[in-house]
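Asker: Dropping a prediction and its sequence here:
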Amino acid sequence: MINDEIRAKEVRLVGAEGEQIGITPIREALQMAIDLNLDLVNVAPQAKPPVCRIMDYGKFRYETQKKEKEARKNQKIVDIKEVWFRANIEEHDYQTKFRNVLKFLGEGDKVKCSVRFRGREITHASIGQKILERVKNEVADITVVERQPKLEGRSMIMILAPKQQ
């Protein structure tokens, strides 16, 4: 709330330079803000009495939005990339998919490694377990296993995340 929107009788006033002025009536605080050609802003409405500050509200909002925009620009969004393996995968196909795992981890993304079982392959879940263990062992120095291999329906899933430097 700013200026006339503040409904308290008295406020604890903080000056334009951050100095404590003390508890003053709302009319006097508003007049001080008007004399300085600034706004009276309620910064802590839940306090008794409410804390108000004399500041340039437009400039304050602009700087706040600028900081938020900068924070959004600097954040890294982590995606989860998925790589599917088959229970009876050939060596060359495994190497191709393993290169994709390394590429995704290098980009800073998490990788969901899955082995999909078709038909009666599900009876040999240990084969899928061996494939995921092999992937886990080959990337052990650059990753953290977020989720150990676990059978869910007809898929066995493991999630890898890059280690933080």
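Answerer: Now that the structure is in, tell me what you want to look at.

Asker: drop to CA atoms for contacts and neighbour counts, all remaining ones
Answerer: Noted.

Asker: Could you export the strand of greatest length in the chain as PDB, keeping only the C-alpha atoms?
Answerer: Looking across the chain with DSSP state E, the single longest strand is strand 143-152. Provided in PDB are the C-alpha atoms of strand 143-152 (Å, rounded to 0.1, in the frame of the first residue of the first chain):
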ATOM      1  CA  THR A 143      27.100 -39.000 -12.300                       C
ATOM      2  CA  VAL A 144      25.000 -39.500  -9.200                       C
ATOM      3  CA  VAL A 145      22.300 -42.200  -9.300                       C
ATOM      4  CA  GLU A 146      19.100 -40.500  -8.200                       C
ATOM      5  CA  ARG A 147      17.000 -43.600  -8.500                       C
ATOM      6  CA  GLN A 148      18.300 -47.100  -8.600                       C
ATOM      7  CA  PRO A 149      17.100 -49.500 -11.300                       C
ATOM      8  CA  LYS A 150      13.500 -50.500 -10.500                       C
ATOM      9  CA  LEU A 151      10.900 -52.500 -12.400                       C
ATOM     10  CA  GLU A 152       7.700 -50.600 -13.100                       C
END
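
Asker: could you pull out the helices for the protein?
Answerer: In the chain, the segments counted as helices under DSSP state H are 26-35, 57-74, 91-106, 125-138.

Asker: any chance of the ones you listed in a markdown table, with mean neighbour count too?
Answerer: A markdown table is the format used below for the helices of the chain (neighbours: other C-alpha atoms under 10 Å):
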| stretch | mean neighbour count |
| --- | --- |
| helix 26-35 | 17 |
| helix 57-74 | 11 |
| helix 91-106 | 15 |
| helix 125-138 | 17 |
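
Asker: Any idea which of those gets closest to residue 164?
Answerer: The closest of these to residue 164 is helix 91-106. By C-alpha to C-alpha, the value is 11.2 Å.

Asker: Give the other helices and strands that the closest one contacts.
Answerer: Packing partners of helix 91-106 (3 or more C-alpha pairs under 8 Å, 6 or more residues apart in numbering; DSSP states H and E): strand 80-86, strand 110-116, strand 155-162.

Asker: Throw these into a markdown table and include mean pLDDT, thanks.
Answerer: Below are the helices and strands packed on helix 91-106 laid out as a markdown table (pLDDT from 0 to 100):
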| stretch | mean pLDDT |
| --- | --- |
| strand 80-86 | 91 |
| strand 110-116 | 93 |
| strand 155-162 | 92 |
